Each structure stands twice: as C-alpha cells, then as structure tokens.
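Colleague: Structure, please.
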Amino acid sequence: MGTDSDLIVVGAGAKAAGLAAKVHTMNGLGLGPISIKVIEGTEVAASWLGRNGMTSGEEPLAVTPIKDVGFPYRSFAEFGEAGEAIDCGVQSFSWHQYMIGKPEYARWIDAGSPSVRHRDYGAYLTWVLSRATAGVSHVQGRVVKVALDSEAERWVVEVTEEGGVSNHTGGALVLTGPGIHRAFPHEPSVASRVFHCDSKRSEFGAIPEDEECDVGVVGGGESALSCVMFLRKFRPRCRFTIYTPLLPLSRGESFLENRVFSNPDVVEWEALDQQSRRDFVKHSDRGVFDPPSLEQIAYDDRVTFLTGRVSDVGAGEGERVSLQHEAPEGTVGREHDYAVNCTGFDLLAQLRAMFPDEVRAEIEGRVGPIWDRPAGTEVPIGRALELRGMQPRLHIPGLAGLSQGPGFANLGALGLLSNRVLEPLLQDADLLPGTTSFA
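Modeller: Down below sits the predicted model:
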C-alpha cells in the first residue's frame, strides 16, 4: 500500500541526503509540515560504497567533503530571514559534525584535511539519511514506472518491493542518479570482452588475474579515470590505453571556478550565451580528470593516452577487440584483449524507460521535445531544476548543469540544490509568511 507525500525522490544518494537534511531541519523549525519520500532500489549511497558497479569505493573523492549536504549555506538567498536558522540547523548534518561523532575530527584536521575515499563519503551520506527523519520516509524497492494520476495533478510511482508492488503519489518528483551507460555498438562476437561504466566487479573477473592483458578504455572523464584506478589494483598486470576526444585535462580548482559551482548567480549564469556555458562545463566538469587521481597514473608506464574518438568496435585477431579511432593522421585501428565503454551516462535514456509512452507524450506536449530534440538544443530546465512548463513539477538536477549551473549535476552545491527544489514547494504552501521574494 502506497502513501502520499509532497515530494518523491528516486535514488538515495547525495542529492536525496541534501533534500532530506533540509526537510528535517525545516520541519524542526516549524516551517512545515513537509513530507518527502526517498525510493532506492539497491542500497543507500549505492554509487559510493563500492558494492555496486565498477567502482571499488577506494577512489578518492573529486571534491573536498567540506562541501557537504548543506554547502554553500546561503539559504537567505531563497528563504529570506529564515535562511540563517535553516543553515544553522543543517549544520548538524555537516561533514564536520559527522567526523566529530566518529570521533575522528581532530585526527582528520591534524592530517591536513586530506581527500577521502568514495566509501567514506558513502558512509557519511548513510549517516545523514539515518538521522534526517522528520517528515522523511524511505521505500526499499525498484521504480518500474512513473505516471500521472487521473487528474494529471500528482505523480504516481510504481515500485517493486520485496513483498510485491506498491504505488506512491507525490506533488512533485525528483529524479537523481547518472542514468544508464551510453550505447557502445560492437560486433556480437566480442560482447564477452566489452564492458561498460556500470559493469559489476564480478563481470571484470573475466579478465585473467595471472596474465598480462591489454585493456582499451574509451572516454576522457571521471568514468574512464575511475575505471583505470579500479582495474590497476584489481588486475595489476594489465596495461591500459585511454582513448580521449581531447587532450587529457585536469579539473580546474581556482577560486573563480569553484565560486561558479557554489553560486552560479555570481556570474549571472542564465544570462551567459549557450556556448560560454558549454565551454565552462566541458573544461571544469565533463571530460576532465581530478588532479589527485591523475597524479597517481601520470608516471605509470602501464597507462597511455590516445587522442581521438572511437568510431568502430569490432573483432580483432583471435579473440581480441579492434578499436578504430579518428586520430589527427586519419582513422587508426588498434587491438586490445578487452575494452571498456566509459563514454558516460545518459539520463534521458533512463527516463525514457521509466515513463510510459503516453506520459512522455504528455510531457513533451507541455514542454516541447525532450527525447528527440534537435542536436545542440538545451533541455528546458528552470530555476527550481524542473522541466519548464511541466505541472506537477518534475525536477531533474542531473540535466540542470548547462541551464542553471555546473554544480547541480554533481556534488558542487548540494545545499543550493535542495533550496532550489524546495523553494517553490514552500511558496505554494505559503510556509514563510513575512519573507521577501525568494527569486
């Protein structure tokens, strides 16, 4: 039996933790009641703990954990005079408070506040979601379908749970997660030797442990780097060739770049032309490697880089995989024992599978083309990280990086993300009397 809530969040990861902490705090301050339901098909913080997919959990976190679920703690911008109290309350879910409770805060500070592993961050998110309880409920199950109710006023989420199927309704819906790996067409004969971003660790067990194998890794961003970092330890006798469309770049970490992640309004992000926004996202977030991890492979003679886009994946000599890539000198072919597709994830492909045909048609009838929009056009994402023109609201932070700011698609500004999503909900209910406009 399902229940109704103000907000349904699909995925119990970092974005869900930020929203849950903020809702818990607001309810405690008497700004509610607000109800939020978090639905997770695997486990809390599944993308971070190392028990799901390719990552081992040992990879270093690309950002400092100080940018926690409340960062950047500027809630006055959305909630006026209530913002300070909200930020103070959310600090009880901060990374510092988590480390104090362990207790490992002094040790971490004395060590120079070093970077932490993915699994450490996953443990922090688990801690946040276990403590954020006021108005927050959880459902363990896999979302199989998302639809609208008969009046098209609320979302209906169908979930397969251990005891059967349940339906949950909500006034707004937040979809999190990276999506599914992008298509990587290849000849059927090499399917057993081609892996992808979210292959299970057990699948990589097919790579012989006691042989010197050659692995081609296709992609120039965090997925590719995570793959190499994992496989270097998992199969230390392997050699790796990373195919990147551009020269390998490290993530920018200057004050000005970081400032845009935490406060995109400081550069009037929405007013910038599309090409300027695309260039910033490309050079600071997508298609770049984080410096600490890049340092680990920079002097490793088992790792080489090739510039060019892979255009064909076929069978090579014997049981090898042949990768054709467009290099400056033309099309070049190289063979590997195995290949890994790390070209990234496609959130829209995941949504296509989640929404029935009639719901997709309803959405596109209101907001315009989404799944089959012309190349180079933006998905119309509004300030609340919602599809513009869609009611009930459909928030998709993972698609908001280009339209609203680069921090919304990653860990750059979880506190700002939760503010943007919750702001219209509080406006609708008139829960902040006496405050100025939130815009």
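Colleague: Go ahead and confirm A17 touches V69.
Modeller: Yes. With contacts counted by Cβ atoms under 8 Å, A17 reaches V69, the gap being 5.0 Å. Every residue, glycine included, has its C-beta placed from N, CA and C.
Colleague: what touches both of these two?
Modeller: 93, 125, 128, 414 (Cβ atoms under 8 Å, 6 or more residues apart in numbering).
Colleague: Next one: the last one from I39, what distance?
Modeller: Right, the one you point to is L414. Distance of L414 to I39, computed by Cβ to Cβ, to the nearest Å: 19 Å.
Colleague: returning to that earlier point: from the shared contacts of A17 and V69, which is closest to C238?
Modeller: Here the nearest of these to C238, counting by Cβ to Cβ, is L125; it sits at 31.1 Å.
Colleague: Can you show me the strands along the stretch 201-350 of the chain?
Modeller: Secondary structure of the stretch 201-350 of the chain, counting by DSSP state E, counting those that start in this stretch: strands at 214-218, 239-244, 303-307, 309-315, 321-327, 330-336, 338-341, 345-346.
Colleague: who does the second one touch, helix- and strand-wise?
Modeller: In this case it means strand 239-244. Packing partners of strand 239-244 (3 or more Cβ pairs under 8 Å, 6 or more residues apart in numbering; DSSP states H and E): strand 214-218, helix 222-234, strand 303-307.
Colleague: Direction-wise, compare the second one with strand 239-244 and give the angle.
Modeller: The one in question is helix 222-234. Between the axes of helix 222-234 and strand 239-244, defined by axes from the mean of the first three to the mean of the last three Cα atoms, to 10 degrees, the angle is 180 degrees.
Colleague: tell me the contacts of the residue nearest to L414 when sequence neighbours are not counted?
Modeller: Counting by Cβ to Cβ, 6 or more residues apart in numbering, L414 lies nearest to G18, which is 3.7 Å off, once chain neighbours are set aside. For G18, the contacting residues are 69-70, 414-415, 417-418, by Cβ under 8 Å, 6+ apart.
Colleague: Can you flag the buried ones in those residues?
Modeller: 69-70, 414-415, 417-418 (16 or more other Cβ atoms under 10 Å).
Colleague: Filter the shared contacts of A17 and V69 down to the buried ones and express that as a ChimeraX selection.
Modeller: Listed next is the ChimeraX selection for buried residues among these, using 16+ other Cβ under 10 Å:
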select :93,125,128,414
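Colleague: so which of the shared contacts of A17 and V69 comes closest to E212?
Modeller: Nearest to E212 among these, with distances taken as Cβ to Cβ, is L125, at 38.1 Å.
Colleague: List the contacts of the closest one.
Modeller: L125 touches 13-14, 17, 44-45, 48, 69, counting by Cβ under 8 Å, 6+ apart.
Colleague: Show me the shaky parts of this structure.
Modeller: 1-2, 53-55, 247-253, 285-293, 429-439 (pLDDT under 70).
Colleague: domains for it, by residue range?
Modeller: Domain segmentation of the chain under automatic domain parsing yields 4-180+345-429, 183-251+288-341.
Colleague: N263 is nearest to which of these?
Modeller: Nearest to N263, of the domains of the chain and by Cβ to Cβ, is domain 4-180+345-429 at 6.4 Å.
Colleague: Does Q404 touch L385 like I think?
Modeller: Yes. Using Cβ under 8 Å, Q404 is in contact with L385, at 6.2 Å.
Colleague: More neighbours: those two, which one.
Modeller: Between Q404 and L385, counted using other Cβ atoms under 10 Å, the more crowded position is L385 (27 against 24).
Colleague: how far away is the more buried one from L399?
Modeller: Distance of L385 to L399, given as Cβ to Cβ: 8 Å.
Colleague: got any residues that touch both of Q404 and L385?
Modeller: Each of R420 lies in contact with both Q404 and L385 under the rule Cβ under 8 Å, 6+ apart.
Colleague: Tell me if I8 really is in a strand.
Modeller: Yes. The assignment for I8 is a strand, going by DSSP: H, G, I helix; E, B strand; the rest coil.
Colleague: From N167, how far out is it?
Modeller: For I8, the distance to N167 (Cβ to Cβ) stands at 11 Å.
Colleague: same question, L231
Modeller: Taking Cβ to Cβ, one finds L231 at 41 Å from N167.
Colleague: cool, P72 as well?
Modeller: 37 Å.
Colleague: go on, T25?
Modeller: According to Cβ to Cβ, T25 and N167 sit 29 Å apart.
Colleague: For the buried ones among the contacts of G18, which two are the farthest from each other?
Modeller: Farthest pair in the buried ones among the contacts of G18 (Cβ to Cβ) is G70 and L417. Separation: 10.7 Å.
Colleague: hey, C-alpha coordinates of stretch 23-42 in PDB?
Modeller: What follows is stretch 23-42 as a C-alpha-only set of coordinates in PDB (Å, rounded to 0.1, in the frame of the first residue of the first chain):
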ATOM      1  CA  VAL A  23      13.300  19.000   5.000                       C
ATOM      2  CA  HIS A  24      14.100  17.600   8.500                       C
ATOM      3  CA  THR A  25      15.500  21.000   9.500                       C
ATOM      4  CA  MET A  26      12.600  23.000   8.100                       C
ATOM      5  CA  ASN A  27      10.100  20.700   9.900                       C
ATOM      6  CA  GLY A  28      12.000  21.200  13.100                       C
ATOM      7  CA  LEU A  29      11.800  24.900  12.800                       C
ATOM      8  CA  GLY A  30       8.100  24.800  12.200                       C
ATOM      9  CA  LEU A  31       8.300  25.800   8.600                       C
ATOM     10  CA  GLY A  32       6.400  22.600   7.500                       C
ATOM     11  CA  PRO A  33       5.000  20.200   7.600                       C
ATOM     12  CA  ILE A  34       6.800  19.000   4.500                       C
ATOM     13  CA  SER A  35       6.900  15.300   3.600                       C
ATOM     14  CA  ILE A  36       9.500  13.600   1.400                       C
ATOM     15  CA  LYS A  37       9.700  10.000   0.300                       C
ATOM     16  CA  VAL A  38      13.000   8.500  -0.800                       C
ATOM     17  CA  ILE A  39      12.900   5.400  -3.000                       C
ATOM     18  CA  GLU A  40      16.000   3.300  -3.500                       C
ATOM     19  CA  GLY A  41      16.300   0.100  -5.500                       C
ATOM     20  CA  THR A  42      19.800  -1.100  -4.200                       C
END
